[in-house]
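Asks: mind looking at a prediction? Sequence and model below.
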Amino acid sequence: MEWEDECRTPRLVQNQIPAIFICPPPPPRKKPVAGKRRPPPKEGYFHPPDLDSLFSVPARKEACV
């Protein structure tokens, strides 16, 4: 009986679990800004002559065994 009398839950306000706070709502999303679309350049885009050689894949001559 002595053990039960000595141990008990703290009841002071400073020892209590604080109340649950309500979180504020998330900020509103920004509306997308419709910016000016630039027309393509009058001279066209620059195409270096060796650009295709960088991305070309040579055909296989033999099947892998």
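Replies: Right, received. Where do you want to start?
Asks: tell me, what residue is most central in the protein?
Replies: By C-alpha atoms, centre = their mean, the mean C-alpha position of the chain lies nearest to Arg29, the distance being 15.3 Å.
Asks: which of the three states applies to that residue?
Replies: When classified by DSSP: H, G, I helix; E, B strand; the rest coil, Arg29 comes out as coil.
Asks: what about it, distance to Phe21?
Replies: 24 Å (C-beta to C-beta, to the nearest Å). Where C-beta positions appear, they are placed from N, C-alpha and C, glycine not excepted.
Asks: next: Lys36.
Replies: 45 Å.
Asks: what's the burial count for Trp28?
Replies: Actually, residue 28 is Pro rather than Trp. 6 (other C-beta atoms under 10 Å).
Asks: ignore the last one, Pro39
Replies: Counted with other C-beta under 10 Å, Pro39 comes out at 6.
Asks: let's verify it: helix, strand, or coil?
Replies: Pro39 ends up coil, using three-state DSSP.
Asks: state the distance from Gln14 to Asp52.
Replies: Gln14 is 76 Å from Asp52, by C-beta to C-beta.
Asks: so these two - more neighbours on which side?
Replies: Between Gln14 and Asp52, Asp52 has the larger neighbour count (other C-beta under 10 Å), namely 9 against 5.
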